[in-house]
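Undergrad: Here's my sequence, what's the structure:
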Amino acid sequence: MANALFDLSHCNGTDYCKEYVNLKVLPANDQIKELQTILRDKSYLHYFRNTSRSDFKFYADRLIRLVIEESLNQLPFTECNVITPTNATYNGLKYKSGNCGVSIVRSGESMEQGLRDCCRSIRIGKILVESDADTHEARVVYARFPEDIARRHVLLMYPIMSTGNTVSKAVNVLKEHGVKEDSIILSNLFCTPQAVQTILDSYPRMKMLTSEVHPVAPNHFGQKYFGTD
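TA: Numbers count the residues shown, from 1 in each chain. All right, here's what the predicted structure looks like:
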């Protein structure tokens, strides 16, 4: 089941990245590490609390764009020949029809603009998952998708995963609406090894792309991004 992945350096001594063929991690480079550091740094967060959230959002959007760009590489392409202005034939590629995004409200909405910046006319659905006040069990309270979502490839957007429970609920709803498991691509910024195991053990045919696998997830992300802290 092991496969050559983009990067194994963020597994913190675990073998999670080696075990899952559909786990993709952004290639490690200094720019990505800097963005991850800024979004985690307590001193930066203290600074942002006393000024505008736009600074935090700026760095978050840069990382989101990198994740979205790589997620789009996981979509199916088809060959396409075009004629250039010099009347030469160019053998190119184009997306197969039938792609859409689905964000898990609320933090997943932070990734919507990054997707629209890359795919201007793409349709985006939404799922709201809440925890029961008494049992703390996650439950879906709202879902709105394109009518033909069962025939589409879906980029499921959720930036922070600690346990994977919220994403599991969202994937179940997509499958109930006829979406094939291998047509789902999870776009994520930060996840824990536990979340990787929860998601990919339950949905082994689903693809998952993240910037980092680390035991500590920056759970402040949504509040900082939307300015609700």
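Undergrad: switch to C-alpha atoms for all contacts and neighbour counts from now on
TA: Fine.
Undergrad: quick one: pLDDT of the most centrally placed residue in the chain?
TA: By Cα atoms, centre = their mean, the chain has its centre lying nearest to Ser187, at 1.4 Å. According to the prediction, Ser187 has pLDDT 97.
Undergrad: That one touches Arg65, doesn't it?
TA: No - in this structure, Ser187 is not within contact of Arg65 by Cα atoms under 8 Å, at 10.6 Å.
Undergrad: What are the contacting residues of stretch 183-199?
TA: By Cα atoms under 8 Å, 6 or more residues apart in numbering, the residues outside stretch 183-199 that reach it are 11, 14, 16, 63-64, 67-68, 71, 74, 152-165, 167-168, 206-218.
Undergrad: Show the buried residues in the residues you listed.
TA: Buried by 16 or more other Cα atoms under 10 Å: 11, 16, 63-64, 67-68, 71, 74, 152-165, 167-168, 206-215, 217-218, out of the contacts of stretch 183-199.
Undergrad: just to revisit the earlier point, list the residues that contact both of Ser187 and Arg65?
TA: Common neighbours of Ser187 and Arg65 (Cα under 8 Å, 6+ apart) do not exist.
Undergrad: What ranges in this structure fall below the confidence cut-off?
TA: Within the chain, the segments meeting pLDDT under 70 span 1-17, 44-52, 133, 135-136.
Undergrad: List the buried residues in the lengthiest helix in the chain.
TA: Longest helix in the chain by number of residues (criterion: DSSP state H): helix 54-72. Within helix 54-72, the residues that count as buried by 16+ other Cα under 10 Å are 56-57, 59-61, 63-72.
Undergrad: same question, stretch 122-141
TA: 123-130, 138.
Undergrad: end-to-end on that stretch?
TA: Using Cα to Cα, to the nearest Å, the end-to-end distance of stretch 122-141 comes out at 24 Å.
Undergrad: Over to stretch 38-55?
TA: Stretch 38-55 end-to-end distance (Cα to Cα) = 10 Å.
Undergrad: where do the strands sit along the chain?
TA: 23-25, 77-83, 89-95, 99-105, 123-131, 138-144, 153-157, 160-161, 184-187, 190-191, 207-210, 212-213 (DSSP state E).
Undergrad: Of all these, which one is nearest Gln31?
TA: Smallest distance to Gln31 across the strands of the chain (Cα to Cα): 13.2 Å, for strand 212-213.
Undergrad: How far off centre is the closest one?
TA: The chain centroid and the centroid of strand 212-213 are separated by 12 Å under Cα atoms, centre = their mean, to the nearest Å.
Undergrad: which helices and strands does that strand pack with?
TA: The contact analysis (3 or more Cα pairs under 8 Å, 6 or more residues apart in numbering; DSSP states H and E) places strand 212-213 against strand 190-191.
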